[in-house]
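**Student:** Build me a model from this:
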Amino acid sequence: MIWLLKLILMPGLLGYFLGLNDSIVSSLELAVHVGDSALMGCVFQSTEKKRMTKVDWMFSPVKHAKDDYVLYYYANLSVPVGRFQNRVRLVGDISHSDGSLLLQNVEEADQGIYTCEIRFEMESHVFKKPMVLHVLPEEPKELTVHVGDSALMGCVFQSTEENLLTKVDWLFLPEEHAKEEIMLCYYTKKVPGGYRQYGGRFQNRVNLVGNTALNDGSIRLQGVKESDRGSYTCTIHLGNVTFRKTIVLHVIQKEPQTLVTPVAFRPEILGGNQLVIIVGIICVTILLLPVLILIVKRTSGNKSSATSTTLVKSLENTKKAHAENHVYSSITTQEVMEKEEPSEKSEATYMTMNPVWPSLRSEPSNPLEKTSSGVMLKTEQAF
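**Tutor:** A predicted model of the protein is given here:
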């Protein structure tokens, strides 16, 4: 029995004298959105009063790169280090073995493992507490709601410690930048029931829906009005630590509901490509319009010139036919006169001429017949 007890106590005693008995607490996980704050608690619970002499915060990236110092505390001096210099501070109570760290304006590169190491006076062992930080995408800081609907506005302070929330405030600044109004206040102890709501424009329209045990101060605003446009600022108090978040609320009118019939057509919104095509067609039409007009003019001119040429030719043919008829008629008349005139006797000859009409196109083969038909000759002899 004594041998078994020595076997159990020997490793502990040996580790104590060799400084290998470091206390390591199981790691915690915390998920924070980009731009928010994270409270990573590091409290050493002990029944004995011990004086904490040194606190170190180390950061190990996800990609297993070289560890970086975040902050160290020694000789009553807190020193942030590296890229965390303006974003971290020690918020724990050193006199109560509290080395909690506040990380503000969380970035994507902050994802990784944070380890807290606490050392005490006159003791060689080290208290270690690792925490895994997950960084989520940034939450929208603007919210658009229709008139009459409800608006859910979240406000969560991520922390590894629970039951630390002492107060939640919601303030409203109208869009016209008038005087800021108190929308809602929540106290954990000062007010019976831990809740108090102010009147004014938000009376009976705002409810605290977050779990305060998890540092969640989210609210729901019902029956949104147009006058509710503006900025809403949430402040969560965790002891001497505060977390603020501002949300801008936009209120719009509901679209009127119209009955859709088969005859009625809704106008379609043209996309960018369709607009470009339409504008291109209009420009090309404007550029080609003078060319089209010139082509039409030339075509009509050619047609009119061809028509006039045809008319001129027809007139010329008609005139030529008339001239030939007149020539033929004169020649026939002269031949008849020469044949009828005697060579030896003197006779008195009287000739009566009738006009030859242009419609008589067929010319007789016998000149005598032509003369008898076209011209009547009367001959008288004097004795």
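
**Student:** So which residues of the stretch 101-250 of the chain form strands?
**Tutor:** Assigned by DSSP state E, counting those that start in this stretch, the strands in the stretch 101-250 of the chain fall at 101-103, 112-120, 126-136, 142-146, 151-153, 158-159, 167-174, 181-187, 196-197, 206-208, 219-221, 230-238, 241-252.

**Student:** and of those strands, who's closest to residue 55?
**Tutor:** Nearest of the strands of the stretch 101-250 of the chain to residue 55, taken as Cβ to Cβ: strand 112-120 at 5.6 Å. For the C-beta atoms, the positions are set from N, CA and C on the backbone; glycine is no exception.

**Student:** What residues sit buried inside the closest one?
**Tutor:** 112-120 (16 or more other Cβ atoms under 10 Å).

**Student:** which stretches of the stretch 1-150 of the chain have low pLDDT?
**Tutor:** Under the criterion pLDDT under 70, the flagged ranges of the stretch 1-150 of the chain are 1-27, 64.

**Student:** can you map out the helices along it?
**Tutor:** 2-18 (DSSP state H, counting those that start in this stretch).

**Student:** Break the protein into its domains for me.
**Tutor:** What the record gives for the chain is the domain set 18-136, 142-252, from automatic domain parsing.

**Student:** before we move on, the earlier item: let's have the strands of the stretch 101-250 of the chain in JSON lines, adding distance to residue 280.
**Tutor:** What follows is these, written out as JSON lines (distance: least, Cβ to Cβ, whole Å):
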{"stretch": "strand 101-103", "distance to residue 280": "55"}
{"stretch": "strand 112-120", "distance to residue 280": "54"}
{"stretch": "strand 126-136", "distance to residue 280": "46"}
{"stretch": "strand 142-146", "distance to residue 280": "36"}
{"stretch": "strand 151-153", "distance to residue 280": "45"}
{"stretch": "strand 158-159", "distance to residue 280": "54"}
{"stretch": "strand 167-174", "distance to residue 280": "48"}
{"stretch": "strand 181-187", "distance to residue 280": "54"}
{"stretch": "strand 196-197", "distance to residue 280": "61"}
{"stretch": "strand 206-208", "distance to residue 280": "54"}
{"stretch": "strand 219-221", "distance to residue 280": "49"}
{"stretch": "strand 230-238", "distance to residue 280": "46"}
{"stretch": "strand 241-252", "distance to residue 280": "35"}
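
**Student:** So which of the ones you listed is nearest residue 284?
**Tutor:** strand 241-252 (40.7 Å).
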